[in-house]
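>>> Here is my input; please provide its structure:
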Amino acid sequence: MSAILNAGLSRDTNEIALRDAFKQHGDIVKVRVVCDRVTSNSKRYGFISFTSESEARTAIQKMDGQN
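As a prediction, the model looks like this:
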């Protein structure tokens, strides 16, 4: 399993949207958007875990600079 950090997310981004954006690049094990405990708003970063390092690398290459 290999995880990548995705920073600069919109405050509206949730785990479903993040999974949907990355699922075309490989098998996803886990997605986590980090949120503020008080407001529940996204802290604008999250993690995506793929089953393999090669899938994670592909996702990084394909998604770099995308909105």
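>>> centroid residue for the chain?
residue 48 (4.1 Å; CA atoms, centre = their mean).
>>> what's across from that residue in the sheet?
Beta bridges link residue 48 to residue 4, residue 31, judged by DSSP bridges.
>>> Quick one: residues contacting it.
Residues in contact with residue 48 (CB atoms under 8 Å, 6 or more residues apart in numbering) are 3, 4, 6, 18, 19, 22, 28, 30, 31, 56, 59. For the C-beta atoms, the positions are set from N, CA and C on the backbone; glycine is no exception.
>>> mind listing what's buried in the lengthiest helix in the chain?
Looking across the chain with DSSP state H, the single longest helix is helix 53-63. For helix 53-63, burial by neighbour count (16 or more other CB atoms under 10 Å) applies to 55, 56, 59, 63.
>>> repeat for stretch 33-43
Residues of stretch 33-43 classed as buried: 33, 35, 42 (neighbour count, 16+ other CB under 10 Å).
>>> and the end-to-end length of that stretch?
This stretch, stretch 33-43, spans 8 Å end to end (CA to CA, to the nearest Å).
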